[in-house]
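[1] My questions concern the predicted model and sequence given below.
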Amino acid sequence: MKTTIATKLAAGTLTLGLLAAAGAPLATAQPVTAAPAPAVVAPAAVKAASNTLIAIKQMSTGTAAARNCGPTSVVIALKAVGKTPSGYKTSAVQAVKNVRASIGHTRSTDLIADLKPQITKYGVKATKVTYAQGLAAAAKGKTVILHTNLYGGHYLVAKGKDASGRIFISDPAKGSKSAKTTAYLNSIKRSLNRALVVG
């Protein structure tokens, strides 16, 4: 079998000297570098804020208990943003009573305007928004007091979401925390269409 330059090149046995003697052009050797590894993209962080929401049952908060969803939500929201409301070191119930006393009335409905000063006096920003804006803020991890149509008008606190996109809530009526779908939370929107973003 006749050996040619091509077969020696293919076999890797031809030296540079032989190539030069054979009159073949010499190429400048280039360093071989490995291709960069593809960037590893970390999965999106899940906003698991359930552990920053506390549960307080409004029905254990004194003579105005049936109307204390607003004051109870204020205490829950303040704790969620790292503030300790007046009376809380004694008990959560005392903190709710203090908010109620500071509001100064026991009407059946507390307005956002009643709740907002109870938050801002702790140096925390409180912004009135639409219900949809409140839900969007809660899904992004903000603390939000939502005004719902439950029980004829009811406040609860929302913050963060789980891996499936359900929003964490703390409901003063039940004194418990859970995660609810956006569809469910939209279905309980009150016609007044309002929420309060805290912090």
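    On my side now, so go ahead. Numbers count the residues shown, from 1 in each chain.

[2] now the strands: where do they sit in this structure?
    Secondary structure of the chain (DSSP state E): strands at 126-129, 143-148, 154-161, 167-171, 176-180, 195-198.

[3] Could you point out which of those sits nearest A66?
    Shortest distance between A66 and those, using Cβ to Cβ, is found for strand 154-161: 10.8 Å. Quick note: C-beta positions are derived from backbone N, CA and C, even for glycine.

[4] Adjacent strands (with direction) for that closest one?
    Sheet pairing for strand 154-161, assigned by DSSP bridges, gives strand 143-148 (antiparallel), strand 167-171 (antiparallel).

[5] before we move on, back to that, make a markdown table out of the strands of the chain and add distance to I188.
    As requested, those are exported to a markdown table (distance: least, Cβ to Cβ, whole Å):
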| stretch | distance to I188 |
| --- | --- |
| strand 126-129 | 17 |
| strand 143-148 | 4 |
| strand 154-161 | 8 |
| strand 167-171 | 10 |
| strand 176-180 | 9 |
| strand 195-198 | 12 |
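
[6] Kindly present those as a markdown table, with separate columns for distance to I76, mean pLDDT and mean neighbour count.
    Shown next, in a markdown table, are the strands of the chain (distance: least, Cβ to Cβ, whole Å; pLDDT from 0 to 100; neighbours: other Cβ atoms under 10 Å):
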| stretch | distance to I76 | mean pLDDT | mean neighbour count |
| --- | --- | --- | --- |
| strand 126-129 | 14 | 98 | 18 |
| strand 143-148 | 8 | 98 | 26 |
| strand 154-161 | 5 | 98 | 26 |
| strand 167-171 | 5 | 98 | 25 |
| strand 176-180 | 9 | 98 | 16 |
| strand 195-198 | 10 | 98 | 25 |
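
[7] For my notes, please list the strands paired with strand 154-161 in a markdown table and give distance to V124 for each entry.
    Converted to a markdown table, the strands paired with strand 154-161 look like this (distance: least, Cβ to Cβ, whole Å):
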| stretch | distance to V124 |
| --- | --- |
| strand 143-148 | 9 |
| strand 167-171 | 17 |
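
[8] Tell me which of the ones you listed lies nearest to V157.
    Among these, strand 167-171 comes nearest to V157, with 4.7 Å by Cβ to Cβ.

[9] Go ahead and name everything in contact with that closest one.
    With contact meaning Cβ atoms under 8 Å, 6 or more residues apart in numbering, strand 167-171 is reached by 48-50, 53-56, 76, 135, 138-139, 146, 156-162, 176-182, 185.

[10] Mind doing that once more with 7 Å?
    The contact list for strand 167-171 (Cβ atoms under 7 Å, 6 or more residues apart in numbering) reads 49-50, 53-55, 76, 135, 138-139, 156-162, 177-180, 182, 185.

[11] sorry, back to before: closest to L111 out of the strands paired with strand 154-161?
    strand 143-148 (9.3 Å).

[12] do you know how far the closest residue in space to I54 that isn't next to it in sequence is from S170?
    Leaving aside its sequence neighbours, I54 sits nearest to K79 (Cβ to Cβ, 6 or more residues apart in numbering; 5.1 Å). Counting by Cβ to Cβ, to the nearest Å, the gap from K79 to S170 is 9 Å.
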